[in-house]
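my questions concern the predicted model and sequence given below.
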Amino acid sequence: MLSEKAYKNPVEGVWGTFEQERGRLDRQIIEPNFIYGSGLEPDALRDGFYSTRDKLSNASPVIRKARLIEYLLLNGRISVDPGDWFADKLDHQGLLAEYNSSAITDIPAIYASEVMEIIKTADSTGYYSTGLDTGHVSPGWRYMYGKGLTGLLEVSKKARKAFGDEITNEQTDFYDSVEIVYTAIIAFTGRLSDMATSLFGEYGEAADVRLLTISDSLKNVPANPPSDFHEALQFSYIMHQMIEMEGEWVRSMGGFDRCFGGYYDADIKADRLTKATAQELIKFFFTKFFATTRGAANGKNFYFGGQNVDGTNAENELTYAALETYHEMNTTDPKLSVRFYKDSTERLWKQVTGSIRAGRTAFVLVNDDVAVPAIMSQGKSLEEAREYLLIGCYEPAIEGKEIACNMSIALNLAKGIELVFNRGVDIDTGIKLGPDTGDPDKIKSYKEFEMLYFTQLDAQIKSATDSVKQYELLWPLMNPSPVLAGTFEDALISGNDIGQAGAKYNNTGCMGAALASTADSLAAIKKAVFDDGVISLTELTDAVKNNFNGHEKLRLYLQNRAPKWGNADFYVDTIAKRIIDFYSESVNSISNSRNGRFVPSMFSLTHRYTLGKGTSALPDGRLKAEPLSLNNTANQGKDKEGVTALLQSLTCLDYLKLPNGSVTDVYLHPSAIKGEDGLNAMISLIKTYFKRGGFGIQFNIFDSLTLLDAQKFPEKYQTLQIRVCGWNVYFVTMDAFEQQQYIDANVHFA
């Protein structure tokens, strides 16, 4: 509860302190200040942790995990910062991460060794990358806030009782584990509350106000539903920390405005907060997430806007208070997703695009008018689909009802072309990956080549999905998740953990990477070999296998004369559409091992580098081991007809078939969107893309001269942001190779 001294005749120095504290708060993760005597010292904590593990060797995995979480929460050192508005620090020494890592390594080696070899081979050859994705999850935020942990425990007890004598041992262990971890979390926050109280009088009257607020808040949350805006934020971050300590990466914090807007409005109405003091709390809260990445890594996702369950506009006053705060902070983390639909206001359009234009490019804009029907195509109701959040970078899932595992598979769409050239065998290693599709010298038409490519792609999808299905069977052994599972009503009612398909929807994401590399390569084959007869397929096969050594003129022709994706060229656009139609229909038809389905997406992230390293030269002129194309956009520098043509190409695809998400990357020079007319042009561009059926879009706004100067004088550009794939980093934190990728991508702007 916000201390009355904070809002009624506030003590001097209580508010307006963020900027003076910011540098220290940015370092709060790397420079924690745990209080001596507040818990066991590191060596003793480690000894006790592994002793507890050994004593529980005969317990079920979920009970063992729960007791280890309990041990750390009750015995780890803690810290409360009198200059902060929130408390969360626990010195758990990463012990649970060590424990989880061992399980994730050892259990598949014991129970699925053959599958592990297949996955290892697929990864090393750039065929696909896959595994058990426990890292793209989001809890049931609003369900949890509405109940508090005490309320969730009541649901758990009632559900357990309903089973009576028919309850299984697995269900009993699950319910016991939920009770253990939630009771321990309540005890842990009680420890923080007591520490805050113990610090009264040591740091001055203003610090006492903050400490009293922390102490009172943690007496209520997360045990009970939050009573005000501060408590709601405190609840959110505590549970974020608890779930991540358990072993899952919380990749969506939910809808900031819809989760917290009611608390904000109530506090404003009751004069507990002003807009300015609420924005100060937001700054302290957002900095918690930045402190983990410090502008150099993937950030945390909050979303804004969109529609409510009844179709009404979800924007509220907190939408703008938070977005204004974010703009002022000029931070890379958290990263923000914004849902737009037919009734989104011009105010939201201008607020978001204005921030992007000003270099705050950690936004992805998503089209509800496509996302909602795409989600419904999976059998979800309209009301559920309207409740989607964006996990990770831009992947939809239903809050409180779905564990989507969005990044279980990263599939290299371009690899099948290499395999047609070499009869299903990896050119570099000689390892057989796909079926033998015959001697390429005997292929008589482009249609036949494309058919053989789809044969390879189909086998590739089957291999990847079969591997994941085997992995998923081991989830209950590898990563029991009672902290996360208890936030899902369906899991509590059924008595099933997350790995036991406890959520209502348990789907598995499959990411299709390198669309432009694939489409450009197939278009080059069609044009150079079968339409124009510039070269025989035998000669092209030889050139690809030899990385174009001795074939430089051919490579230049393929790079510069063959049609390229992203230029509104029907010739290559129809090829890209056939690729996506085949890929999406194939993936959408496959069931997983968790009573769900595989769900396709279209992007590449940094897999464009890792998958590219194992990929031979391609007929588009790309050399062996070079990066593949980014997300679903054009190959670097190949979209020569401008951004309008790029978006026309992109909207020839059917995004309703890609319910796991996709994104388009757009680079704009600052001069192109200057002034009011420029901003309106940017908004019009996005609206047109959405009206034509586009799903997601993100921007980089800079020119190569600025980036070159930032390389020479990094001290002048400490807050220059780059949109990497689905997150932002500060340009100066990137290595030289990464920096050069963005300089090269924008050199035509210079």
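Yep, that arrived. Residues are numbered from 1 along each chain as shown.

mind listing the helices for the stretch 351-500 of the chain?
Under the criterion DSSP state H, counting those that start in this stretch, helices of the stretch 351-500 of the chain are mapped to 368-376, 382-385, 415-421, 446-472, 475-478, 482-485, 489-494.

which one of those lies nearest to residue 611?
Residue 611 lies closest to helix 415-421 among those, at 7.6 Å (Cβ to Cβ). The C-beta positions use only the backbone N, C-alpha and C, and glycine is treated the same way.

against which helices or strands is the closest one packed?
Applying 3 or more Cβ pairs under 8 Å, 6 or more residues apart in numbering; DSSP states H and E, one finds that helix 415-421 contacts helix 446-472, helix 515-524, helix 537-545.

hmm, who's touching that helix?
125-128, 425-427, 433-434, 437, 440, 449, 452-454, 456-457, 460, 518, 521-522, 525, 541, 544-545, 611, 615-616, 618-619 (Cβ atoms under 8 Å, 6 or more residues apart in numbering).

ok, stretch 635-648 next?
516-517, 520, 564-568, 620, 622, 629-630, 633-634, 664, 666, 668, 685, 688-689, 692, 694, 741, 744-745, 747-748.

what residues of that stretch count as buried?
Neighbour counts using 16 or more other Cβ atoms under 10 Å place 635, 636, 638, 639, 641, 643, 645, 646, 647, 648 of stretch 635-648 among the buried residues.

run a quick neighbour tally on the residue nearest to residue 189 when sequence neighbours are not counted.
Spatial nearest neighbour of residue 189, chain neighbours left out: residue 218 (4.5 Å); criterion: Cβ to Cβ, 6 or more residues apart in numbering. Counted by other Cβ atoms under 10 Å, the residues lying close to residue 218 total 30.

for residue 480, give its distance to residue 498.
Distance from residue 480 to residue 498, counting by Cβ to Cβ, to the nearest Å: 8 Å.

got the buried residues for the helix or strand encompassing residue 611?
For residue 611, the element it lies in under DSSP states H and E is helix 607-613. Of all the residues in helix 607-613, those buried under the rule 16+ other Cβ under 10 Å are 607, 608, 609, 610, 611, 612.

cool, and stretch 201-212?
In stretch 201-212, counting by 16+ other Cβ under 10 Å, buried: 206, 207, 208, 209, 210, 211, 212.

distance check, the last one against residue 80.
Read that as residue 212. 12 Å.

shared neighbours of these two, which are they?
Going by Cβ under 8 Å, 6+ apart, residues that sit against residue 212 and also against residue 80 are residue 196.

pLDDT on the helix or strand hosting residue 173, on average?
Using DSSP H and E, residue 173 sits in helix 169-198. For helix 169-198, mean pLDDT is 98.

same check on stretch 643-654?
Stretch 643-654 comes out at a mean pLDDT of 95.

need the residue closest to the centroid of the protein.
residue 392 (1.1 Å; Cα atoms, centre = their mean).

which residues does that one contact?
136, 251, 252, 301, 406, 407, 726.

which phi and psi values does the first one adopt?
Listed backbone geometry of residue 136 is phi -120, psi 80, with angles given as degrees, to the nearest 10.

how about the third one?
Here the main-chain torsion angles of residue 252 (degrees, to the nearest 10) amount to phi -150, psi 130.

quick check: the closest residue to it other than its chain neighbours vs residue 315, distance?
With sequence-adjacent residues excluded and distances taken as Cβ to Cβ, 6+ apart, residue 252 is closest to residue 138, at 3.9 Å. Between residue 138 and residue 315 the distance is 21 Å, computed by Cβ to Cβ.

what's the closest non-adjacent residue to the residue nearest to the centre of the chain?
That would be residue 251: by Cβ to Cβ, 6+ apart, it lies 4.4 Å from residue 392.

quick check, pLDDT for that neighbour.
91.

count of neighbours near residue 142?
The burial count for residue 142: 16, using other Cβ under 10 Å.

which residues touch it?
The contact partners of residue 142, by Cβ under 8 Å, 6+ apart, come to 254, 258, 259, 399, 400.

quick one: it is in a helix?
Yes - secondary structure of residue 142 (DSSP: H, G, I helix; E, B strand; the rest coil): part of a helix.

any idea how far it is from residue 399?
With Cβ to Cβ as the criterion, residue 142 and residue 399 are 7 Å apart.

what's the most buried one of the helices and strands packed on helix 415-421?
Among those, judged by mean count of other Cβ atoms under 10 Å, the one packed with the most neighbours on average is helix 515-524 (a mean of 29).

output the contacting helices and strands for it.
Counting by 3+ Cβ pairs under 8 Å, 6+ apart, helix 515-524 packs on helix 415-421, helix 446-472, helix 570-588.
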